[in-house]
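Peer 1: here you go, sequence then predicted model.
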There are 2 protein chains.
Amino acid sequence: MSSADTCSVESINQEAVKKAKQGLPNEKIILRVSESFKVLGEPTRVKILFSLSKQELCVCDLANLLGATHSATSHQLRVLRNMGWVKFKKTGKMAYYSLTDQHIVNLIDMSIKHAEE
Amino acid sequence: MSSADTCSVESINQEAVKKAKQGLPNEKIILRVSESFKVLGEPTRVKILFSLSKQELCVCDLANLLGATHSATSHQLRVLRNMGWVKFKKTGKMAYYSLTDQHIVNLIDMSIKHAEE
DNA sequence: TTGACATATGAACAATTGTTCATATAATCA
DNA sequence: TGATTATATGAACAATTGTTCATATGTCAA
């Protein structure tokens, strides 16, 4: 940050900045939260999560539903697995995916409700 | 999508796929929702929104708070303005930013609560 | 055991995005 | 008026990311 990026002392509301800084959740929480949002920032993944909230589906079903390749679908499922948001059970050749819990879909629902207004 | 990406008819649960497809919110809603999440997928923007939920702040304050340059801060504020999430009032040289409404911060709060568990 | 199938995954590529740098605008002050 | 300050913004660059392609693994049927 160059000196041109520092405000004159008078124009900074130091009190407010200090207060805001203290009020902020700690860095780790912020990073975790924005990481979650980033994962939700892809239509494909939102569709997967929404679909799985109604019923379990195999990779094949999901690819079909999304109009995506198996490979792309599998890659996206890995992202969701890494977040701990989906789990799967293997049955023969097939892998049936489902949600680990409902809270992510609650977030999506909340956002949909607002978007529909 | 090549033919290698098509499942055999038997392995697709066509009934489930059809049901899931119908249950999905329409494409526009999905896109709008994931666009919102994408914008929330940056720690910097989450910090800005969270800070503004407590009090209005000028660009200078925000840059100071974030440890970012004025330019970077201003660019991020534009993104938030484009989403309609923040507004500002000009007072002399200064631009004081504030939230247009509370709903986005509610989403963030909800996510923070879960992240803290 | 061989071939077909469902899924997983690394590498490469194209597209997107956040930051920086340079510059523009508008307001204040000397 | 000319200098300084607060903010905005376009262009360029680096980093990140989603998809595709090629290939690997494990299962089932013949």
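Peer 2: In hand now; what should we look at?
Peer 1: what's the burial count for the residue nearest to A:Met94 when sequence neighbours are not counted?
Peer 2: With C-beta to C-beta, 6 or more residues apart in numbering or on different chains as the criterion, A:Met94 has its nearest non-adjacent residue at 4.7 Å, and that residue is A:Cys58. The way it works is simple: take the backbone N, C-alpha and C, and place the C-beta from them, glycine included. Applying other C-beta atoms under 10 Å in any protein chain shown, we find 21 residues neighbouring A:Cys58.
Peer 1: does A:Cys58 have beta-bridge partners, and which?
Peer 2: A:Tyr96 (DSSP bridges).
Peer 1: got a list of what it touches?
Peer 2: Going by C-beta atoms under 8 Å, 6 or more residues apart in numbering or on different chains, A:Cys58 touches A:94-97, B:11, B:13.
Peer 1: quick one: name the residues of chain A near DNA strand C.
Peer 2: Counting by C-beta under 7 Å from any atom of the strand, chain A comes close to DNA strand C at A:1-2, A:58-60, A:63, A:70-71, A:74-75, A:77-78, A:88, A:93-95.
Peer 1: from the contact counts, what lies against the lowest-mean-pLDDT helix or strand in chain A?
Peer 2: One helix or strand of chain A scores below all others by mean pLDDT, DSSP states H and E: helix A:14-23, with a mean of 92. Helix A:14-23 sits against helix B:43-52, strand B:57-58, helix B:59-66, with contacts defined as 3 or more C-beta pairs under 8 Å, 6 or more residues apart in numbering or on different chains; DSSP states H and E.
Peer 1: mean pLDDT added to the ones you listed, as JSON lines?
Peer 2: As requested, those are exported to JSON lines (pLDDT from 0 to 100):
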{"stretch": "helix B:43-52", "mean pLDDT": "98"}
{"stretch": "strand B:57-58", "mean pLDDT": "96"}
{"stretch": "helix B:59-66", "mean pLDDT": "96"}
